[in-house]
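**Q** What shape does this take:
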Amino acid sequence: MSPREAIVTLNLLPRIGPVRVKRLLEAFDTPDAILRAPKDRLMRVDGIGEETAKILTGWRDHADPGSELREAEERGISIVTQADEDYPAPLRNTYDPPLLLYVWGKLEARDRHAIGIVGSRRSTHYGTNVTKKLAFQLAHAGFTIVSGLARGIDTTAHEAAIAAKGRTIAVLGSGLGKLYPPENLGLAQMIADGHGAVVSEFSLHTPPDQQTFPMRNRIVAAWSRALLVTECPLRSGSLITANLAAEYGKPVFAVPGPIDKPTSMGCNQLIREGATLVADGSHLLDDLGELPFQQESTSAAEESSDQPQLPEEEAKVLSAVTADDQPVDRIIERSGLPAHVVSATLMKLEIRQLVRAFPGFRYARR
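**A** Sure, this is the predicted structure:
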């Protein structure tokens, strides 16, 4: 058995999990050695009792790795282990990193520049609108939006990232063969078809339950450079994700809501406890500093021009903006573009932190 097949096998077994496997690997070095080890030797490892050792020695009664691998291949799902280069770097240093990820779609190096966006499954009109706005802004600025494909806020965040022609990662609390909620299958397909990836650490036919969702939440928190909660009540899985993000040392942001609305009490409480208040994507971008495209270009471009590569319209409008603030009418005149195009493009450039807006519809280069 190859190390890859052995990891798939260990991931299929009940009562094992990432923490126990981590301890076992410290004792046996390779995953296939764990499955060959005798019961008494397994029981010497901290946290491995008689029942767990029995499962490991009798793994053939619980797992069929060959069938799992074949089905994943037939479904167009790749399996990424910690030994693979495209395993997400932010997950490697967590206490309990997933043994592997089932990936429907494609992971890219730029996905390490990720913002987690989470919130209530029962989102209000207010929560939906602010999530749509913020997710669009952040995705357009180059961040990959990570969320959980749940109803409500998660769904809106994924959809807004796609609308911004950005990338998004959906982390499931179930296996990919038991995608939940089922009505989001179309959205998952859209994500996988060129807009990011749908991922799960669970074997293909794992149904969602009360344990799988908190496990999913830790991946969202660990993967994200920062976590944004846009709307949630006081009792919410989003608060669990926020607490995990804080434990991982990630900045936590929250959108304030009406003080008399239970749907916003969780966010308001987060702000009271120290989360950063966000009312616009620029607030979060200012706190995070460099944008992803700026970080990617620093090593490659001690280039001849200090102007970033932009779509033609954005480049033309940026060229018309000077270091001193000037009215938008002057920018329209200098760019030669229609007023509505210039207005929309200036907003995009502001999101990218390339221009700064001033009162009276005036703009200057940053």
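
**Q** what are the ranges of the strands in this protein?
**A** 78-81, 100-105, 114-118, 144-147, 168-171, 196-200, 226-229, 252-254, 276-277, 326-327, 355-358, 362-365 (DSSP state E).

**Q** Let me have those strands in TSV, adding distance to Thr131 as columns.
**A** Just so you know, the C-beta spots here come from the backbone N, C-alpha and C atoms, and that holds for glycine as well. Listed next are those as TSV, based on distance: least, CB to CB, whole Å:
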stretch	distance to Thr131
strand 78-81	28
strand 100-105	22
strand 114-118	7
strand 144-147	9
strand 168-171	13
strand 196-200	17
strand 226-229	9
strand 252-254	12
strand 276-277	16
strand 326-327	33
strand 355-358	23
strand 362-365	27
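
**Q** Worst mean pLDDT among those?
**A** When the strands of the chain are compared by mean pLDDT, strand 355-358 comes last with a mean of 83.

**Q** buried set for that strand?
**A** For strand 355-358, burial by neighbour count (16 or more other CB atoms under 10 Å) applies to 355, 357.

**Q** just to revisit the earlier point, of all the strands of the chain, which one comes closest to Asp287?
**A** strand 276-277 (6.2 Å; CB to CB).

**Q** Parallel or antiparallel, list what pairs with that closest one.
**A** strand 252-254 (parallel) (DSSP bridges).

**Q** residue boundaries of the helices in the stretch 151-300 of the chain?
**A** Along the stretch 151-300 of the chain, the segments classed as helices by DSSP state H, counting those that start in this stretch run 153-163, 185-190, 212-223, 237-247, 265-272, 281-288, 292-300.

**Q** Please identify the deepest-packed of these.
**A** helix 153-163 (a mean of 25; mean count of other CB atoms under 10 Å).

**Q** pLDDT below threshold where in the chain?
**A** Within the chain, the stretches with pLDDT under 70 are 290-291, 293-309, 351.

**Q** what about 90?
**A** Where the chain drops to pLDDT under 90, the residues are 1, 15, 29, 93-95, 140-141, 280-316, 323-330, 333, 337-363, 365-366.

**Q** Would you mind measuring from Arg70 to Leu12?
**A** Computed with CB to CB, to the nearest Å, the distance linking Arg70 and Leu12 is 14 Å.

**Q** And for Ser147?
**A** Taking CB to CB, one finds Ser147 at 26 Å from Leu12.

**Q** Mind listing the shared neighbours of Arg70 and Leu12?
**A** By CB atoms under 8 Å, 6 or more residues apart in numbering, Arg70 and Leu12 have no common neighbours.

**Q** Cool, thanks, talk later.
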